[in-house]
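Colleague: One predicted model, sequence on top.
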Amino acid sequence: DIQGRKIIRALQSAMILGAARAALYTPIDTSALLNSQFREIVTDGAVITGRVGYSTSYAVYVHDPGNPQRFRRSTAKKEFLTLGFEEERSAIDDVVRKELSL
């Protein structure tokens, strides 16, 4: 159905924007963390959910602002995933609006 495809496309576009910004802020040592980034869309009845994350076991510790660390990469930040989506919020809103328009 057209509406379902539009929603999936809007979610995919939003996740790509946020994930790309998060990748810029992701700390790099061996690139394992950066390369473990994933995106998925799950449909459960009428609920469609998009999710972006990192599959390495230590991602949560690197992301946690309560765990101080020094990063080699100048663009690396704590809470890189959250910040990536927060900073792309207006672009995400625009792309979702565009994808869902008739």
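Modeller: That came through fine.

Colleague: The residue nearest the centre of the chain sits in which helix or strand?
Modeller: In the chain, the C-alpha nearest the mean C-alpha coordinate belongs to residue 19, at 3.3 Å (C-alpha atoms, centre = their mean). Assessed by DSSP states H and E, residue 19 sits inside helix 2-25.

Colleague: buried residues in that helix?
Modeller: Judged by neighbour count (16 or more other C-beta atoms under 10 Å), helix 2-25 contains these buried residues: 7, 10-11, 13-15, 17-19, 21-25. Every C-beta, even on glycine, is put in place using the N, C-alpha and C of the backbone.

Colleague: before we move on, what about stretch 64-81?
Modeller: 71, 76-78, 80-81.

Colleague: what's the span of it from first residue to last?
Modeller: 10 Å (C-alpha to C-alpha, to the nearest Å).

Colleague: So what touches it?
Modeller: 22, 24-29, 52-54, 61-63, 83 (C-beta atoms under 8 Å, 6 or more residues apart in numbering).

Colleague: For ChimeraX, write a command that selects the buried ones of those residues.
Modeller: Here is the ChimeraX command that selects the buried residues among the contacts of stretch 64-81 (16+ other C-beta under 10 Å):
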select :22,24,25,26,27,52,53,54,62,63,83
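
Colleague: Right, I'll call it a day here.
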